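Novice: Structure for the following, please:
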Amino acid sequence: MIEALTVLAEAEDLPRWDLPELLATLYGGGIGLDEPCVVANFVESLDGVVAVPRLPRSHAVIGDESGADRFVLALLRACSDAVVVGAGTLLSSPKGTWRVDRAYPEAAEALGELRAARGRPEQPLVAIVTTGASLDPTHPVLESGALVLTTSAGADGVRASVPAATEVVAVTDADTVDLAAALEVLRDRGCSVVLSEAGPSMFGSLVASRLVDELFLTVSPLLAGRAATARLGLVEGVELVPQTRVAGNLRSVRAHGSHLFLRYALR
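Specialist: Next comes the predicted model:
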């Protein structure tokens with residue numbers, strides 16, 4: 001079990017839900033989210049790398065195997081109605097389940113209590129955004145009843161390849177998945193809090209479309225470095241400045257050892 005996070009700064013107007021005692025102790029207080037909302041979570045190296053393609057468990061390596069980072073991830077999953085990932089995240093996490101209890105098993109019981117107290121099912125819905133071109137239909141998360149949000153052109157092929165437990169919904173007639181439409185499908189299914197665990201390309205598209213309400217960013221003390229191999233930053237695939245200004249409003253700062261846990265409002 002980790003030691004408690006230290007609160008360095010926190011806005012007084014943050015929403016706060018009642019937490020089981022263990023979670024409140026470890027987090028250093030309460031947590032709450034303005035509903036409905038889309039929340040993104042990342043861990044970033046000290047020099048700004050969030051993903052190393054083809055490196056297994058690159059997020060854990062970048063996070064320097066931090067138990068506190070895993071706890072915050074588990075807490076955010078416990079607060080969420082749906083966890084959204086892309087096909088690329090599935091490929092880079094071949095054993096990923098996106099379950100609450102897998103991220104930080106030491107607090108699994110308390111995390112379950114939080115979900116039960118909020119009237120939520122045991123696990124959040126896992127939603128996969130993909131055109132179908134790079135979707136791995138054998139990924140184990142599809143066996144447990146995920147939701148695939150895709151295009152009209154890709155829907156039939158995806159539906160034929162994935163297990164029967166997974167539902168496939170076409171959200172757009174375009175060549176790519178309309179993220180606003182995908183989020184609307186989740187809203188229609190009662191998903192008030194949507195957690196994005198997608199990679200930096202989808203995050204970039206979400207940010208550029210002004211669809212992200214909050215960002216939880218763990219800054220690891222690890223230096224990742226860059227050379228010939230591509231290493232990805234927090235926002236990929238879009239250019240924001242100077243045409244588009246997106247700036248975070250810092251809402252909370254916590255520390256655990258040399259890791260910083262930052263919370264920003266993005267809109």
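Novice: just the strands in the stretch 1-150 of the chain please.
Specialist: 6-10, 37-44, 82-86, 125-129, 147-151 (DSSP state E, counting those that start in this stretch).
Novice: Is residue 218 located within a helix, as I assumed?
Specialist: No. Residue 218 is assigned strand when assessed by DSSP: H, G, I helix; E, B strand; the rest coil, not a helix.
Novice: looking at it, it is touching residue 42, isn't it?
Specialist: Yes. Using Cβ atoms under 8 Å, residue 218 is in contact with residue 42, at 7.1 Å. Any C-beta I mention is one placed from the backbone N, CA and C, and that applies to glycine too.
Novice: And the two? Which one has more around it.
Specialist: Higher neighbour count among residue 218 and residue 42: residue 218, with 25 against 22, using other Cβ atoms under 10 Å.
Novice: Report the separation between the closest residue to the more buried one other than its chain neighbours and residue 222.
Specialist: Nearest residue to residue 218, sequence neighbours excluded (Cβ to Cβ, 6 or more residues apart in numbering): residue 43, at 4.1 Å. Between residue 43 and residue 222 the computed distance is 10 Å (Cβ to Cβ, to the nearest Å).
Novice: and what of residue 47?
Specialist: According to Cβ to Cβ, residue 47 and residue 222 sit 9 Å apart.
Novice: out of the two, which sits in the busier spot?
Specialist: Per other Cβ under 10 Å, whichever of residue 47 and residue 222 has more neighbours is residue 222, with 20 against 13.
Novice: who touches the more buried one in this structure?
Specialist: Residues near residue 222 by Cβ atoms under 8 Å, 6 or more residues apart in numbering: 45, 46, 61, 62, 63, 64.
Novice: Just the buried subset of those, please.
Specialist: With neighbours counted using 16 or more other Cβ atoms under 10 Å, the contacts of residue 222 contain these buried positions: 45, 61, 62, 63, 64.
Novice: Can you give me the neighbour number for residue 174?
Specialist: Around residue 174 there are 12 residues (other Cβ under 10 Å).
Novice: gap between it and residue 154?
Specialist: Distance, residue 174 to residue 154, by Cβ to Cβ: 11 Å.
Novice: what does residue 185 give?
Specialist: Residue 185 is 15 Å from residue 154, by Cβ to Cβ.
Novice: and what of residue 102?
Specialist: 28 Å.
Novice: Okay, now the unreliable bits of the stretch 1-150 of the chain?
Specialist: Along the stretch 1-150 of the chain, no part satisfies pLDDT under 70.
Novice: where exactly do the helices run in it?
Specialist: With DSSP state H, counting those that start in this stretch, the ranges of helices along the stretch 1-150 of the chain come out as 21-27, 58-62, 67-79, 87-92, 100-103, 108-117.
Novice: Run through the neighbouring helices and strands of the fifth one.
Specialist: Pointing back at helix 100-103 there. Contacts defined by 3 or more Cβ pairs under 8 Å, 6 or more residues apart in numbering; DSSP states H and E place helix 100-103 against helix 67-79, helix 108-117.
Novice: Try it again at 6 Å.
Specialist: helix 67-79 (3 or more Cβ pairs under 6 Å, 6 or more residues apart in numbering; DSSP states H and E).
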